[in-house]
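[1] here's a sequence, model it:
(one chain, ligands or ions: 2)
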Amino acid sequence: MTLVAGVDSSTQSCKVVICDADDGRVIRTGNAAHSSGTEIHPDNWWDALRSAVAAAGGLDDVAAVSVAGQQHGMVTLDERGDVVRPALLWNDTRSADAAADLVDEFGGAQAWADDVGVVPVASITATKLRWLADNEPDHADATAAVCLPHDWLTWRLSGSTDIADLVTDRSDASGTGYFSAAAGDYRPDIVELAFRGRRPDLPRVLGPATSAGTTPGGIVLGPGAGDNAAAALGVHASAGDAVVSLGTSGVVSAVTDTVPRDATGLVAGFADATGRHLPLVCTLNGAPVLAATASTLGVDLDEFARLALSVRPGADGLTMVPYLAGERSPNLPDATGALHGITAANLDAAHVARAATEGLLCSLVFCIDQIVGQGVDVDRIVLVGGGARSEAVREIAPALFGRSVVVPDPGEYVALGAARQAAWTLTGSLPEWERGRAERPVGAATPAVYEQYLRAADLIVARPTTSSIDTTGGGR
Ligand SMILES: Nc1ncnc2c1ncn2[C@@H]1O[C@H](COP(=O)(O)OP(=O)(O)O)[C@@H](O)[C@H]1O
Ligand SMILES: O=C(CO)[C@@H](O)[C@H](O)COP(=O)(O)O
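    Ligands and ions are numbered 1, 2, ... in the order given. Okay, here's the model as predicted:
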């Protein structure tokens, strides 16, 4: 039996799956947590990867490995290959002003959508380069190469310390803001614009199944991918499918040949991991909305789901807008979340649990509508990520999405997609790996719940700043 491994180095943890290359059967798994926060030293990912690999019984008997990773994170390396400063992650919003400036300086949102396929928001790597240039010029000057989390981990696995050996793939490169998925090329002019005249080295972009070399022990390295492209590979996404991922982020994406040119910036024109396109809408508030609400209510996630399902659709008028971390889609980095429509009849744990679950799913209905608005057919939803383990999410989603929802058998689909890519790199052909899935039909659609949500989502209160809060105890 030939074994291949897939790694998912995502926001909260690192997961490793080791599979039979022929049929995708999972033989061993391991995982390890990452530190929390939106600024992380890459060594933390490396340590977690090593722990997860050890927990999975090691890679000694594995023939090929691919790494998928959280997208957009800015990893800065100096000439010797040392990390210049901790990486700024996709969910770090400090570069929101830099994003707005870059949109203007490049000629506006339509110019970005037409030329690059992506209109920068704080998540996009180019905006983080601008933030670094303006706020930490010494670190910017020391930066000889910039890469993404999965690029850096692949490079570490290769054993190289030479920044000239860095590689990436098209799916992750397309999330930088300085690579056009449609043209298939970097835009050095945008790097120079964002980084105030500096031109760091960028990783070489490999083809979908092009090997990134080997580990020192001779294991073949696949090119790797952004986590969302790997998830699409893992679930065998096909025409008419939209993959909804409830990880730290909430994501809607679809594999297609349609290239979006969305000047609103909501639909990003990313690439997939097979040479096609992956229009994608991403929120900053995924499954942690459920965990945070459950923790506030003092219940575990199973009890939280049971509570949510004990209340009828619409939670008797209670609506949660889930912008706990600010928001990216819509682009409201300073927004806060809210509970609207409180009455004496609905202010209890069960209604709050229902409102949180519906609010999270409604934020994704908004994202699905944006993808459809770009001409992508969405007939059914494939639900993945940690949040898909919630029975309330699985039960409520079809009525809100207005489409049947496919829930693949429990598994780590980003890591499985990476393992499938590793098998492709090893053998030269992309294997078909059958896995079980349950399909939940639409049943009775509940558009009124979404309308209720949209009315509430318009009522945004900005994040308090320290200067707007009276900390003197004086008051007026
Ligand atoms: N049964 C569940 N109900 C709701 N949320 C869950 C459940 N199980 C896991 N989660 C949530 O899933 C998230 C982790 O999902 P994952 O896809 O691994 O995230 P990431 O890829 O961003 O690291 C956590 O926020 C966790 O609370
Ligand atoms: O920023 C995006 C996509 O554009 C996020 O989807 C990140 O790629 C992080 O993913 P998760 O850790 O939530 O899976």
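[2] what about stretch 25-42, near ligand 2?
    No - applying C-beta under 6 Å from any ligand atom, one finds stretch 25-42 separated from ligand 2 by no less than 9.5 Å. For glycine as for every other residue, the C-beta is placed from the backbone atoms N, C-alpha and C.
[3] how far does that stretch sit from its chain's centre?
    Put simply, stretch 25-42 sits 14 Å off its chain's centre (C-alpha atoms, centre = their mean, to the nearest Å).
[4] span of it from start to end?
    31 Å (C-alpha to C-alpha, to the nearest Å).
[5] pLDDT score for the residue of the stretch 351-476 of the chain found nearest ligand 1?
    Closest approach between the stretch 351-476 of the chain and ligand 1, counting by C-beta to the nearest ligand atom: G386, at 2.0 Å. Note for G386: predicted pLDDT of 96.
[6] count of neighbours near it?
    Using other C-beta atoms under 10 Å, G386 is surrounded by 20 other residues.
[7] for it, what are its contacts?
    Q12, L246, G247, A287 (C-beta atoms under 8 Å, 6 or more residues apart in numbering).
[8] wait, the second one sits on G387?
    Read that as L246. Yes - between L246 and G387 there is a contact at 2.7 Å, judged by C-beta atoms under 8 Å.
[9] shared neighbours, those two?
    Counting by C-beta under 8 Å, 6+ apart, the residues touching both L246 and G387 are G286, A287, L360, V393.
[10] most neighbours, which of the contacts of G386?
    Busiest of these [other C-beta under 10 Å] is L246, holding 26 neighbours.
[11] show the pLDDT at it.
    97.
[12] tell me the buried residues in the longest helix along the chain?
    Ranked by number of residues, the top helix in the chain under DSSP state H is helix 349-373. Burial within helix 349-373, assessed by neighbour count using 16 or more other C-beta atoms under 10 Å, is assigned to 349-368, 370-371.
[13] packing partners for that helix?
    With contacts taken as 3 or more C-beta pairs under 8 Å, 6 or more residues apart in numbering; DSSP states H and E, helix 349-373 sits against strand 241-246, strand 250-253, strand 277-283, helix 288-297, helix 301-309, strand 319-321, helix 391-401, helix 447-457.
[14] right, is that helix up against ligand 1?
    No - contact of helix 349-373 with ligand 1 (C-beta under 6 Å from any ligand atom) is absent, the minimum separation being 8.9 Å.
[15] is it fair to say D377 lies in a strand?
    No - per DSSP: H, G, I helix; E, B strand; the rest coil, D377 lies outside any strand segment and is coil.
[16] ok, it - how many residues close by?
    13.
[17] hmm, it is touching G240, no?
    Yes - taking C-beta under 8 Å as the definition, D377 is a contact partner of G240 at 5.5 Å.
[18] what is the neighbour count of T343?
    Neighbour number of T343 under other C-beta under 10 Å is 10.
[19] picking that back up, distance of the residue of the stretch 351-476 of the chain closest to ligand 1 from ligand 2?
    9 Å (C-beta to the nearest ligand atom, to the nearest Å).
[20] ok, which of the contacts of G386 also contact ligand 2?
    Answer for the contacts of G386 near ligand 2 (C-beta under 6 Å from any ligand atom): G247.
[21] mind putting the helices and strands packed on helix 349-373 into a markdown table with distance to E136?
    Converted to a markdown table, the helices and strands packed on helix 349-373 look like this (distance: least, C-beta to C-beta, whole Å):
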| stretch | distance to E136 |
| --- | --- |
| strand 241-246 | 32 |
| strand 250-253 | 30 |
| strand 277-283 | 26 |
| helix 288-297 | 28 |
| helix 301-309 | 39 |
| strand 319-321 | 34 |
| helix 391-401 | 40 |
| helix 447-457 | 35 |
